[in-house]
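# just coords:
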């Protein structure tokens, strides 16, 4: 089995090392694990690719490369350049430091890389580790993903996967011994917008604007990824790049005027 590992936190991120270990467990002694990751952090870039500029990559070790681009770039470079002619069985993206649930998925470079794998018809899984700094947080924020990551990936590999589907997996912010289990669930949407803009004044008197994440996971629907993750569950959600709102198609067609004005003079 040949596995391509990437992330959006950068090639030196601790979560990438966990993903590598998971990949080696899955690939087995006769398998291959290839790492192609951004040279620095690329969080929040979604499915961005370097469409209008060149991309360079550099070898950092045996089967290990850094890319001066985005997570989706890493998958494209990995599949089409570094591993050209060598079929890849699985793309693992992560393990991200922080959850990617609800509408976070739209912004996530971790999910973006897995989506790119799916678009290339390669089985792909995004892995993210929820963390918190409040009372009751585990001493080791990676406990759940480090201990149960391989088991979770094996469970997802047993799930159906067709065409461009990729899976989004999130580990809860609890010690591995306190994980409730794993559940397949839908992506949630929180009751308010994901980000707000905050102003910070520097010592020089200049004002800078930063995005602040609203973490109101409790506002997402019961049974969704955001809610289950804060309740201690590992969540697995099958996703597709196709964003069509199929439930609105008939109503949208019915709302069209009987005759549409011609653009001809």
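Happy to help now that I have it. The structure presented is a predicted model; accordingly, all values stated were derived computationally and were not measured.
# can you give me the strands for the stretch 101-250 of the chain?
With DSSP state E, counting those that start in this stretch as the criterion, the stretch 101-250 of the chain has strands at 124-129, 166-171, 181-184, 195-201, 207-213, 233-239.
# right, and residue 65 touches residue 83 too?
No - taking contacts as CB atoms under 8 Å, residue 65 lies outside contact range of residue 83: 10.0 Å. All C-beta atoms are positioned from the backbone trio N, CA, C, and that covers glycine.
# Show the backbone phi and psi for residue 10.
phi 110, psi 160 (degrees, to the nearest 10).
# so who does it touch?
16, 37, 38, 39, 40, 41, 42 (CB atoms under 8 Å, 6 or more residues apart in numbering).
# And the host helix or strand of residue 23, what does it pack against?
Applying DSSP states H and E as the criterion places residue 23 in helix 14-27. Contact analysis of helix 14-27 by 3 or more CB pairs under 8 Å, 6 or more residues apart in numbering; DSSP states H and E lists strand 2-6, strand 32-38, strand 90-97, strand 124-129, helix 143-157 as its packing neighbours.
# Now do that helix: everything it contacts.
1-3, 5, 7, 9-10, 31, 33, 35, 37, 90, 92-97, 127, 129, 142, 145-146, 149-150, 153-154, 157.
# can you check stretch 135-151 too?
With CB under 8 Å, 6+ apart as the test, stretch 135-151 has contacts from 14-15, 18-19, 21-22, 25-26, 94-95, 97, 127, 129, 131, 152, 171-176, 178-179, 234.
# do the same with stretch 218-235
By CB under 8 Å, 6+ apart, the list of residues contacting stretch 218-235 reads 99, 101-102, 130, 144, 148, 152, 168-174, 178-192, 217, 237.
# and the residue sitting nearest the centre point of the chain, what does it touch?
Nearest to the mean C-alpha position of the chain, by CA atoms, centre = their mean, lies residue 111 at 2.4 Å. Residue 111 sits next to 46, 47, 93, 100, 105, 126, 166, 168, 239 when contact means CB under 8 Å, 6+ apart.
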